[in-house]
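*Asks:* Model the structure of this input:
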Amino acid sequence: MADYRIDALDGRTPLEAARTPHLDRLAAAGQTGLVRTIPEGMEPGSDIANMSLLGYDPRRYHTGRAPLEAASLGVRLDPQDVAFRCNLVTLLEDDQGVLRMADYAAGHISTEEAREVIATLQERTVEEPLRLYAGVSYRHLLVWRAGRDDLRTTPPHDITGEPVEPHRRVYREEPPLQAFVERASAVLAEHPVNRRRQAEGKRPANGVWLWGQGKAPSLPTLETLYGLRGAMISAVDLLKGLGVYAGLDPIAVPGATGYLDTNYRGKVEAALGALEAGDFVYLHVEAPDEAGHEGSLEKKIQAIEDLDAKVVGPLIAGAARFPDVRILVVSDHLTPVSVRTHVSDPTIFLLASLPLRAGANPSGRTFCEKTAETEGLKLPSGEALFRKFIGR
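*Replies:* Purely as a prediction, here's the structure:
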């Protein structure tokens, strides 16, 4: 949810413009600051940022994004297997006939529609040494037995609106990948799901995009490293898979979509329930990131206000039944609406203890980038923030 100052908001950030009374109460009672979740020289991906925020050094443990998603889907990777993230995307030709990345999420295709599409692709396009697995919405998985993990693939959200050909050349280096991409395009062009979506004025899932590849990592659990047991709550396979490797219980919440229409209440109830059995919960909300990728200021402000009203407020109230709770609210990375992709700038966080004392915010402190920059702590890594959070 962290962002840059925007002229249309009179020089404020979306977080400053959003109404966030619950976050502001936490900021007034606790500490705010900036943390560098992306080590120097590494790509500003959600995999690296969230691994860092869970107390791991990505320079030591990170092997790629897709292997984490494989763990969430229950896909066991042999040592020689390479997992790829497989997005369903919308590719459209411009007036000059140049094929461009119109939508990295295929109009946020529903999980039900996507699974129908993936089933057809599995049947008609996939041959050994490839295997395809259905995920959530536009996010899916391709596993290449004895494949290469050193290809220079491009995240599709990094090239929204740009020509795709320069970035698809990498697939031509490997015949199995090239054959899959070409066959998939032909099948998707006539797929009944896409016909229905276009008739309804929605973007079709007319292409596949492979990226984020890697082999299975070797990650110690949080119980081994820090003595913590708990749960991971997210609609995103990347986060759920990271939780699996960390030894956290990946809780599936019905209606969790990773978008503005997600089941916030279900996530909060699951988090409070998990605290009854364990001592740590990682609750992930994807909507502000998706709004940033879309370049939608309106949706980003809505996502932040929904987070405050539907997650933070109910968590503060629900945590009152526990004697001692620490809460960390953190933006894993910036996804500014002006650039529509991740950047590696230090990001914002706040730390507080619950329950909060009743009353107003006498200091007037709010949770925003300006407060974090001028008044807050400065931490060098997500690992350092995690250790401070858990009292280590």
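*Asks:* List the residues that contact residue 284.
*Replies:* By C-beta atoms under 8 Å, 6 or more residues apart in numbering, residue 284 lies in contact with 50, 232, 233, 234, 235, 236, 239. Using the backbone N, CA and C atoms, a C-beta is placed for each residue, glycine as well.
*Asks:* now swap in residue 331 and tell me
*Replies:* By C-beta under 8 Å, 6+ apart, the neighbours of residue 331 are 1, 2, 288, 347, 348, 349.
*Asks:* quick one: which of those residues has the most company?
*Replies:* Compared across the contacts of residue 331, residue 1 has the highest neighbour count, 31 neighbours, by other C-beta atoms under 10 Å.
*Asks:* Look up how far residue 14 lies from that residue.
*Replies:* Separation of residue 1 from residue 14 (C-beta to C-beta, to the nearest Å) stands at 7 Å.
*Asks:* ok, the contacts of residue 331 vs residue 274, which is closest?
*Replies:* Nearest to residue 274 among the contacts of residue 331 is residue 349, at 21.3 Å by C-beta to C-beta.
*Asks:* Tell me, how many residues neighbour residue 70?
*Replies:* Using other C-beta under 10 Å, residue 70 has 27 other residues around it.
*Asks:* now it: how far from residue 143?
*Replies:* 7 Å.
*Asks:* what do the two both touch?
*Replies:* In contact with both residue 70 and residue 143: 77, 83, 133, using C-beta under 8 Å, 6+ apart.
*Asks:* Out of these, which comes closest to residue 148?
*Replies:* Each of those was checked against residue 148 using C-beta to C-beta; the closest is residue 83, at 12.1 Å.
*Asks:* Specify the beta-bridge partners of that closest one.
*Replies:* Using DSSP bridges, the bridge partners assigned to residue 83 are residue 143, residue 214.
*Asks:* all strands for the stretch 251-392 of the chain, in order.
*Replies:* For the stretch 251-392 of the chain, the strands defined by DSSP state E, counting those that start in this stretch occupy 280-283, 325-330, 347-354, 377-379.
*Asks:* Make CSV out of those strands and add distance to residue 163.
*Replies:* CSV is the format used below for these (distance: least, C-beta to C-beta, whole Å):
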stretch, distance to residue 163
strand 280-283, 38
strand 325-330, 35
strand 347-354, 31
strand 377-379, 39
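*Asks:* And those: which comes nearest residue 151?
*Replies:* strand 347-354 (28.7 Å).
*Asks:* The closest one: partners in the sheet, and parallel or antiparallel?
*Replies:* If you go by DSSP bridges, strand 347-354 pairs up with strand 31-35 (antiparallel), strand 325-330 (antiparallel).
*Asks:* what's the overlap in contacts for residue 1 and residue 14?
*Replies:* Jointly contacting residue 1 and residue 14 under the rule C-beta under 8 Å, 6+ apart are 300, 304.
*Asks:* Number of residues surrounding residue 185?
*Replies:* The number of residues packed near residue 185 is 14, by other C-beta under 10 Å.
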